[in-house]
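S.K.: next come a sequence and a model predicted from it.
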Amino acid sequence: MLNVTPKPTDSPHKRLFVLNRTRQTSTVLARIEELEAAWIEPLVNDLADRTAPLADRAEWKLRLGELLAREREGSPAGSFLAEKSTREQFAHVVKEFALDGLTEAQNFFPAIPRLPMRAQMAVMRVLIDEFGCGNLQQTHSQLYLDLLAELGLPQELESFLDTTGDETYEFLNVFYWLTQRAVHVEYFLGALAYLEASIPDAFTVQARACARLGLAQGKYYTEHLHIDTFHMREMQTAIKEYEAARGLDATKLWIGALLLSQLIGGAFDAAVERARELA
């Protein structure tokens, strides 16, 4: 939790993140729902209006594979970070995503009771890895702390509240909605399946930057290159088990994937653009 009170001058996305990390009273929840109604609901409705229905889980897997193949081609922002960024510019991007790295997977747990048991087990296997299988030194958030320390950046969550862009806050906030308040849990399953499948290619950019810049604490990224291949399979298992127990709306899986692709891509591009301005 955060011992912080949102300020009137804070952006809606920053206020929403702080409220999501605050003890959930009825008053806090009402404010969260008000902010989400103005942001995420129109975003999802727009995606739904522009998305042709999917026939089944097989078509979902096909569409996901096509999306990942397009993203695998890379972007100008990724090429710059991997090949040209200075240590200061790379540190800026690391700082931009610190709130994510320091709270990684914490907001996934509320989805567990919304899933049938066999799907729960698959998602829990993902979460166990996120928390280092109980080994503090292997917890992903600890690996991020190690990277922050090498770059001379703060270690406390509160230190990054005023240096995180709205695009990143949107990515941070979406999983609180997906796991707790989205009416259909397929949105969450589709979003997390996309995330776990995309990270091994996406984090290759940061891993290359760490190697080029001589950073010793790049394990946060290289660990994801290894473990998220396993997580990708587990999320497909979770979706298969959900379908067996309750049926499946494959279109909502796809909307969840598109939503997260849009938000994380926007956050990354904006962070790299701000880093480039440091030059």
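M.R.: Right, received. Where do you want to start?
S.K.: just the buried positions in the one helix or strand in the chain whose mean pLDDT sits lowest, please.
M.R.: Between all helices and strands in the chain, the lowest mean by mean pLDDT, DSSP states H and E belongs to helix 219-246, at a mean of 93. If you call a residue buried by 16 or more other CB atoms under 10 Å, then helix 219-246 has these buried ones: 219-225, 227-228, 231-232, 234-239, 241-243. (C-beta placed from N, C-alpha, C; glycine too.)
S.K.: same question for stretch 122-136.
M.R.: Buried-residue list, stretch 122-136, by 16+ other CB under 10 Å: Ala122, Val123, Met124, Arg125, Val126, Leu127, Asp129, Glu130, Phe131, Gly132.
S.K.: and that stretch, end to end?
M.R.: 22 Å (CA to CA, to the nearest Å).
S.K.: do the same with stretch 155-171
M.R.: 21 Å.
S.K.: what is the mean pLDDT for it?
M.R.: Averaging pLDDT along stretch 155-171 yields 97.
S.K.: before we move on, what about stretch 250-270?
M.R.: Computed over stretch 250-270, the average pLDDT equals 98.
S.K.: in it, what's buried?
M.R.: Quick answer for stretch 250-270 (16+ other CB under 10 Å): 250-261, 263-268, 270.
S.K.: CA atoms only: put that stretch into PDB for me.
M.R.: Only the C-alpha atoms of stretch 250-270 are listed here, as PDB (Å, rounded to 0.1, in the frame of the first residue of the first chain):
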ATOM      1  CA  ALA A 250     -12.800 -15.700 -27.700                       C
ATOM      2  CA  THR A 251     -13.600 -12.200 -28.800                       C
ATOM      3  CA  LYS A 252     -13.100 -10.900 -25.300                       C
ATOM      4  CA  LEU A 253      -9.800 -12.700 -25.100                       C
ATOM      5  CA  TRP A 254      -8.700 -10.800 -28.200                       C
ATOM      6  CA  ILE A 255     -10.000  -7.500 -27.000                       C
ATOM      7  CA  GLY A 256      -7.900  -8.000 -23.800                       C
ATOM      8  CA  ALA A 257      -4.800  -8.700 -25.800                       C
ATOM      9  CA  LEU A 258      -5.400  -5.600 -28.100                       C
ATOM     10  CA  LEU A 259      -6.000  -3.400 -25.100                       C
ATOM     11  CA  LEU A 260      -2.800  -4.400 -23.400                       C
ATOM     12  CA  SER A 261      -0.800  -4.200 -26.600                       C
ATOM     13  CA  GLN A 262      -2.000  -0.700 -27.200                       C
ATOM     14  CA  LEU A 263      -1.300   0.500 -23.600                       C
ATOM     15  CA  ILE A 264       2.100  -1.100 -23.100                       C
ATOM     16  CA  GLY A 265       3.200  -0.100 -26.600                       C
ATOM     17  CA  GLY A 266       2.200   3.500 -26.000                       C
ATOM     18  CA  ALA A 267       3.900   3.600 -22.600                       C
ATOM     19  CA  PHE A 268       7.200   2.300 -24.000                       C
ATOM     20  CA  ASP A 269       7.200   4.600 -27.000                       C
ATOM     21  CA  ALA A 270       6.500   7.600 -24.800                       C
END
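S.K.: can you give me how far it is from the chain middle?
M.R.: Here stretch 250-270 is found 10 Å from its chain centre; the criterion is CA atoms, centre = their mean, to the nearest Å.
S.K.: just use 124 as the starting number from now, easier for me
M.R.: Yes, from this point I'll number from 124; that puts the last item at stretch 373-393.
S.K.: residues in contact with Leu191?
M.R.: Tyr317, Ala320, Ser321, Asp324 (CB atoms under 8 Å, 6 or more residues apart in numbering).
S.K.: do that again at 10 Å, thanks
M.R.: Under the criterion of CB atoms under 10 Å, 6 or more residues apart in numbering, the contact list for Leu191 reads Tyr317, Ala320, Ser321, Pro323, Asp324, Ala325, Met355, Ala380, Ser384.
S.K.: so how far is Ala178 from it?
M.R.: 20 Å (CB to CB, to the nearest Å).
S.K.: just to revisit the earlier point, in TSV, list the contacts of Leu191 along with secondary structure and distance to Cys333.
M.R.: Shown next, in TSV, are the contacts of Leu191 (DSSP: H, G, I helix; E, B strand; the rest coil; distance: CB to CB, whole Å):
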residue	secondary structure	distance to Cys333
Tyr317	helix	24
Ala320	helix	22
Ser321	helix	19
Pro323	helix	15
Asp324	helix	16
Ala325	helix	14
Met355	helix	22
Ala380	helix	28
Ser384	helix	24
